[in-house]
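**Student:** one predicted model, sequence on top.
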Amino acid sequence: MAKIDDIYGAVDDYGLVTSAEARELGVGNRELVQMAHRGKLVRVARGVYRMPVWPYQEQAPYAVAVKAAGEGAYLFGESVVALLGLAPTDPRRMWVATPGRVRRQIGGTTLVARGDADTVVPYEGIFCQDAAAAIVSAAATMGPARALEAARNAARQGYITEEQEDEIGRELAADAQKTE
């Protein structure tokens, strides 16, 4: 079996593979670069490659950002709200959290936050901050009114419980009183 077949068998739901994952399969960085030059892979970020035959998916930019941030990275705050379609968000920014330090440039629109204590769950095949915590985190950047809208939509779609929706409402109201 050719090495490219091993890589094609190891890609995630978005047709992505990192150079670290390829190394585990016995494919070095030089070989990845050569595969990209030959058109067998497409480099989408530093250390992240995509299969060229993979169909476009609307959530793919989120998956690329998480993969580019490295091991343990996950979507954070407003980006989780955007991925789940819970409320209008700023499409120019993508928030990714990681437990460790990221030294490389991920991309001009990707913002990296430090995140250790968050509950991480997969949504749409992408590791994300838990929806309830993401809505509370996003309130700082998207405003409390849209965060409440996101909480209502999340409860309606089953991402959070009604109790969590009420708790988010109380938390946002308490934060609003502190700033007044």
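**Tutor:** That came in fine, so what should we check first?
**Student:** so who does A134 touch?
**Tutor:** Counting by Cβ atoms under 8 Å, 6 or more residues apart in numbering, A134 makes contact with 75-81, 128. (C-beta placed from N, C-alpha, C; glycine too.)
**Student:** after the helix or strand bottoming out on mean pLDDT in the chain, which helix or strand is next?
**Tutor:** Least confident element among the helices and strands of the chain, by mean pLDDT, DSSP states H and E: strand 110-114 (a mean of 77). Sequence-wise, the next helix or strand downstream of strand 110-114 (DSSP states H and E) is strand 120-123.
**Student:** which residue ends up closest to the midpoint of the chain in space?
**Tutor:** L75 (3.3 Å; Cα atoms, centre = their mean).
**Student:** which residue comes closest to it once chain neighbours are left out?
**Tutor:** Of all residues not flanking L75 in the chain, C128 sits nearest, at 4.2 Å (Cβ to Cβ, 6 or more residues apart in numbering).
**Student:** the one you found and V121, how far apart?
**Tutor:** 6 Å (Cβ to Cβ, to the nearest Å).
**Student:** looking at those two, which has the bigger crowd around it?
**Tutor:** C128 (27 against 16; other Cβ atoms under 10 Å).
**Student:** the more buried one touches A73, doesn't it?
**Tutor:** No. Counting by Cβ atoms under 8 Å, A73 is not a contact partner of C128; they are 10.4 Å apart.
**Student:** what comes up buried for stretch 136-146?
**Tutor:** Using 16 or more other Cβ atoms under 10 Å as the test for burial, stretch 136-146 gives 136-139, 141-142, 144, 146.
**Student:** about what we covered before: among the contacts of A134, name the ones in helices.
**Tutor:** Residues of those located in helices (DSSP state H): 78-81.
**Student:** hmm, back to that, now, of the contacts of A134, which are buried?
**Tutor:** 75-81, 128.
**Student:** looking at the residues you listed, which two lie furthest apart in space?
**Tutor:** By the measure Cβ to Cβ, E78 and C128 form the most distant pair in these, at 11.5 Å.
**Student:** have a look at the protein and report its longest helix.
**Tutor:** The chain, longest helix under DSSP H: helix 162-179.
**Student:** against which helices or strands is it packed?
**Tutor:** helix 131-142, helix 144-157 (3 or more Cβ pairs under 8 Å, 6 or more residues apart in numbering; DSSP states H and E).
**Student:** angle of it against helix 144-157?
**Tutor:** Counting by axes from the mean of the first three to the mean of the last three Cα atoms, to 10 degrees, helix 162-179 points 180 degrees away from the direction of helix 144-157.
**Student:** list the buried residues for helix 162-179?
**Tutor:** Buried residues in helix 162-179 (16+ other Cβ under 10 Å): 164-165, 168, 171-172.
**Student:** how far away is the residue nearest to A133 when sequence neighbours are not counted from G77?
**Tutor:** In space, and not counting its chain neighbours, A133 is closest to D118: 5.8 Å by Cβ to Cβ, 6+ apart. Computed as Cβ to Cβ, the D118 to G77 distance reads 10 Å.
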